[in-house]
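Asker: Generate a structure from the sequence data that follows.
(one chain, ligands or ions: 2)
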Amino acid sequence: MKVLLYGSGAREHALYEALLKSPLLNKKDIYFAKTGAFADDNIIVFNDYNELAKKALELGVGLLIVGPEAPLAQGICDVFKKYDIMVIGANKYWAQLESSKSFAKEFMSKFGIKTAQYVVLDNVLNIKDALMKFSKPPVIKADGLAAGKGVYIPKTFEEAQNVACDFLNGKFAEASGKIILEKRLFGRELSLFSLWDGKTLLSFPPACDFKKLLDNDEGENTGGMGSAFPCDLSNKEKKQIESYLAKLQKALELSKADFCGVIYSGLMLCEDDVYVLEYNMRFGDPEIQSVLENFCGDILDVFIKMSQGRLCEVNLNFSNEPSYCVVLASFGYPFSPKIGCEIYNLDVAKNYEVKVLYAGVKKQKEKFFTNGGRVLNLVKTGKNALLDIYEVADKIKFDGKIYRKDIKLR
Ligand code: AMP
Ligand code: GLY
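Answerer: Ligands and ions are numbered 1, 2, ... in the order given. Model prediction:
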C-alpha cells in the first residue's frame, strides 16, 4: 500500500507517525503533498489537484489522506475519485458542513440535531431586525472558511451590530458575504471525531481542546493551545452524546451522504443537553494528536477498511492512561507570531519519551527554526505524561516561546 498524506502541520505529523507504526506499509511508501518539516523525501510538487492525482497514480498511490479543510472544500477528493484513488476526506458537497455554516445549520435543523437558534443574513440593511430576534447579543459567524477567525462573541448589541456590519462588508472577503447570528450558549466544549464510510459512523471518545491562548481560558481564541484525551464525562453526558451520535448517523443515512471521511462535531455540553457549535470535516488540531497517541491499533488498517465501506468491522481501542498534547507557540500568536528563531534542545524530549511534532517549523540543514504561530507539539500518554511534557517544554528553547501551563483532563 502506498499512501499520500496531504498537509503540513502537527496534525499531519501525528498522522505520519501513526502511519509509520502500520505493518501494512514501509516508510518509503508514504508520499507527501504541501507538507511540513517532518517530511524529507517523497514530496510531490504540483500546480493543481489533477496534476497531483496523476502523479500519485503514476507512483502507485492507492490512498489519499487529507489533513486540512481547504483542499476538501476545493474538491480534492472528487478529483482523486476520478482517478480511482481511495480517499479519506469528504467530497466537495459534504465539505460544506464545514465550509458553509448555513449549510451545516440547515442540515442540523432538518434532522432535529440540537444547535443554537440562528438567523442567516446577507445584507447589512437587515442586521437591526435580525438582532431584535435575540434577547442577548448573539455570536456572529462568517458563513465560509476564515482560518479559525470567523467567529466573534460580542458583549453588547452595539458591538454585535458593528461586527456584523464589518463581516458583511467583506472582512473575510467572500467567506463573510453571508453571516450567521447565533444565540450564545454556555457550557463545556468537546471535540468529537467520527469516521463515516457511507454507511457506518464510528466515533472516537471525545477529546478536550484548550482554545484560549492563556491559562484559565483567558486571552485570545486560537487554533488550540493543547489537548487532553479522553474527556471526563458523567454517565448522563455520555448518554447525551450517544443519543446525538444516533441522530447524526440517521441524518447522514437519510441524506445519503456519499463520502468517506472524518466528521468533527464541535459540541457544547449545556445544562439540558448537548448542542453542536460547528462541524469540521477533518480531525481537530491539536486534539487528534493526543487521541492518536492513545490509540492502540493500526490507523492505516482503519483507513483502508473505511475506504472499502467496512467500518462496521472496526473496533477502536485505547490505552487506559490519558494522553496530552501541549503546544509551544511563538510570541505574537495568534496575530503576528515571531518567526525565524532557532530552536534548541529538541533532543531532550527523547530522555522523557515525549514525542515532538512539528507545526510551524522550518528545517535548514540540521537546524530547526520557528516558522509559524504554533511551533511544536509535545505529546505523551501515561500517568506521568504531563510532568514529562512540561519538563521538556521548559528545556526546549527558542526566542519568544509561550505555552499554557494548565493543560489537563477536564
Ligand atoms: P466555531 O468555529 O463555530 O466552533 O466557533 C469557535 C468558538 O467560538 C467555539 O469553539 C466556541 O468557543 C465559540 N462559539 C461558537 N459558537 C458559539 C455559541 N453559539 N455560543 C458560545 N460560544 C460559541
Ligand atoms: N482545535 C480546533 C480545530 O482544529 O479546529
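
Asker: switch to C-alpha atoms for all contacts and neighbour counts from now on
Answerer: Noted.

Asker: residues from the protein in reach of ligand 2?
Answerer: With the criterion set to Cα under 6 Å from any ligand atom, the chain comes near ligand 2 through 209, 223-224, 284-286.

Asker: and the closest residue to S203 other than its chain neighbours, how many neighbours does it have?
Answerer: If you skip the residues right next to it in sequence, S203 has S194 as its closest partner in space, 4.0 Å away by Cα to Cα, 6 or more residues apart in numbering. For S194, the count of nearby residues is 21 (other Cα atoms under 10 Å).

Asker: out of the residues of the chain next to ligand 2, who has the most neighbours?
Answerer: Tallying neighbours with other Cα under 10 Å puts P286 at the head of the residues of the chain next to ligand 2, with 30 neighbours.

Asker: List the residues that contact that one.
Answerer: The neighbours of P286, taking Cα atoms under 8 Å, 6 or more residues apart in numbering as the test, are 10-11, 209, 224-227, 325, 327, 377.

Asker: center of this protein - which residue?
Answerer: Central residue check for the chain by Cα atoms, centre = their mean: the C-alpha nearest the mean position is that of G284, 2.0 Å away.

Asker: wait, doesn't that residue sit right on P206?
Answerer: No. G284 sits out of contact with P206 when judged by Cα atoms under 8 Å, with a separation of 11.1 Å.

Asker: Name the residues contacting each of the two.
Answerer: Overlap between the contact sets of G284 and P206, as judged by Cα under 8 Å, 6+ apart, is given by 191, 193.

Asker: near ligand 1, which residues of this protein?
Answerer: Contacts of the chain with ligand 1, taken as Cα under 6 Å from any ligand atom, map to 116, 139, 151, 182-186, 266, 277-278.

Asker: returning to what we had before: quick one: the residues of the chain next to ligand 2 as CSV, columns for secondary structure too.
Answerer: Listed next are the residues of the chain next to ligand 2 as CSV, based on DSSP: H, G, I helix; E, B strand; the rest coil:
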residue, secondary structure
D209, strand
G223, coil
G224, coil
G284, coil
D285, coil
P286, coil
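
Asker: Report the next helix or strand after the helix ranked longest in the chain in sequence order.
Answerer: Counting residues, the longest helix found in the chain (DSSP state H) is helix 235-254. Using DSSP states H and E, the next helix or strand after helix 235-254 towards the C-terminus is strand 261-269.

Asker: what about F46, how many neighbours?
Answerer: Using other Cα under 10 Å: F46 sits among 14 other residues.

Asker: Over to the one 4 residues further on?
Answerer: Using other Cα under 10 Å, N50 is surrounded by 15 other residues.

Asker: Share the number of residues neighbouring the closest residue to E313 other than its chain neighbours, please.
Answerer: What sits nearest to E313 in space, not counting adjacent residues and going by Cα to Cα, 6+ apart, is K305, at 7.8 Å. As a burial measure, K305 scores 16 neighbours (other Cα under 10 Å).

Asker: what about K305, is that helix, strand or coil?
Answerer: On the basis of three-state DSSP, K305 is classed as helix.

Asker: Check G332 too.
Answerer: coil.

Asker: residues in contact with the closest residue to it other than its chain neighbours?
Answerer: In space, and not counting its chain neighbours, G332 is closest to K338: 6.1 Å by Cα to Cα, 6+ apart. Contact criterion Cα under 8 Å, 6+ apart gives 330-332, 370, 372-373, 400 as the residues in contact with K338.
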